[in-house]
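Asker: Here is the input, now give the coordinates:
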Amino acid sequence: MIEFAVEPISSDYQVASLETSFDWEEILRAYPRTNFVLFAFRAKFKENANMQLIEELDNDANEAAKKFGLLYYFKGKPNINGDCLSWCLWPELEQAERAAATDEHRSAAAIAKNNYKPFNVEVYFLRKAFDGIRFERILDRPSHH
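Answerer: Numbers count the residues shown, from 1 in each chain. Sure, this is the predicted structure:
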C-alpha cells in the first residue's frame, strides 16, 4: 500500500459526488495500473454512536485489508451534521471481497446498524482514460433502517 495523504477538493465531500470531491487523476497517478475498484461508505452517525469502538474496529478492518491488496483507505471526518464518507481503493473486486469476508471487517460491519442512521455502500469501477478518470457505478446499496 502506497502511503500518501489524500485531501478532498470539495468542502462538502461527505455528501457531494465522489467524482468531483477528490482529484482522482492525482490519486491514481501513484499506481501504474489502469483499472481499479472503489468502495465508498457514506453514513450519518447516530447521536449515541460509540466513536471509540467504531475507530478501533475500523482500524482493525483496515489492517486486515492490507493483506489482501488494499491500495488506499481514505477515512473521512464527519461534517457538522454527522455525515461521513470513507472509501477504499482496490486493484480487483475479488481482493475486496476476500477482505470483506475477514472477521475484522465483519466485526466492523456488525456495528453499523447501532451506530449509524442511514448508511450506503457504493461500488465503482474506475478506469484511467486519455481524457480523465471514468467512473462506472456497479452497486448502490442503502441501509434499510
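Asker: the helices in this structure, which residues?
Answerer: Using DSSP state H, the helices of the chain run over residues 18-21, 24-29, 51-66, 93-100, 103-110, 112-115.
Asker: Quick check: most distant residue from the centroid of this protein.
Answerer: Phe130 (25.2 Å; C-alpha atoms, centre = their mean).
Asker: distance of that one from Ser17?
Answerer: 22 Å (C-beta to C-beta, to the nearest Å). Where you see a C-beta, it was placed from the backbone N, CA and C, and this is true even at glycine.
Asker: got the contact list for Asp58?
Answerer: If a contact means C-beta atoms under 8 Å, 6 or more residues apart in numbering, then Asp58 has 75, 86, 108 as its contacts.
Asker: Is Ala64 in contact with Arg106, as I believe?
Answerer: No: under the criterion of C-beta atoms under 8 Å, Ala64 lies out of contact with Arg106, with a separation of 10.0 Å.
Asker: more crowded one of those two?
Answerer: Ala64 (18 against 12; other C-beta atoms under 10 Å).
Asker: contacting residues around the spatially most central residue of the chain?
Answerer: Central residue of the chain (C-alpha atoms, centre = their mean): Trp87, 1.3 Å from the mean position. When contacts are counted by C-beta under 8 Å, 6+ apart, Trp87 touches 18, 38-41, 73-74, 76.
Asker: Kindly state the beta-bridge partners for it.
Answerer: On the basis of DSSP bridges, Trp87 is bridged to Ala40, Phe74.
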